[in-house]
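1. give the three-dimensional model of this entry:
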Amino acid sequence: MSEKCTCGFKGAPPHEDIYDCVEYQEVQDGKKEGQWMIDWAKKLKDNATKKKSVVFKDWVDSSETQD
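-> Residues are numbered from 1 along each chain as shown. Next up, the predicted model:
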């Protein structure tokens, strides 16, 4: 176990960062390894879509008030 490891993994290859620990924990919980990254990307995409639609709505509202 590396000094940076927080999950208690003992084996090879040593964990070097928190992401290794998260993936190890996912496997222990019965999830697909790397699922956290997939979930994170989906949330990031959803947030970007929401922000884009809010900006568009603001633009439409401002253009309507100028008429």
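
2. by contact count, what packs against the lengthiest helix in the chain?
-> Criterion DSSP state H: the longest helix present in the chain is helix 35-66. Helices and strands touching helix 35-66, by 3 or more CB pairs under 8 Å, 6 or more residues apart in numbering; DSSP states H and E, are helix 18-28. For glycine as for every other residue, the C-beta is placed from the backbone atoms N, C-alpha and C.

3. show me how far the helix it packs on is from its chain's centre.
-> Offset of helix 18-28 from its chain centre (CA atoms, centre = their mean, to the nearest Å): 14 Å.

4. list the buried residues in the longest helix of the chain.
-> Applying a neighbour-count criterion of 16 or more other CB atoms under 10 Å, one finds nothing buried in helix 35-66.

5. quick one, it and helix 18-28 angle?
-> Here helix 35-66 runs at an angle of 110 degrees relative to helix 18-28 (axes from the mean of the first three to the mean of the last three CA atoms, to 10 degrees).

6. residue 33 contacts residue 23, correct?
-> Yes - between residue 33 and residue 23 a contact is recorded at 5.0 Å, counting by CB atoms under 8 Å.

7. okay, the two: which has more neighbours?
-> More crowded of residue 33 and residue 23, by other CB atoms under 10 Å: residue 23, with 20 against 12.

8. surely the more buried one and residue 36 touch.
-> Yes - using CB under 8 Å, residue 23 is in contact with residue 36, at 7.5 Å.

9. now list whatever residues contact both of those two.
-> Common neighbours of residue 23 and residue 36, counting by CB atoms under 8 Å, 6 or more residues apart in numbering, are absent.

10. all set now, cheers.
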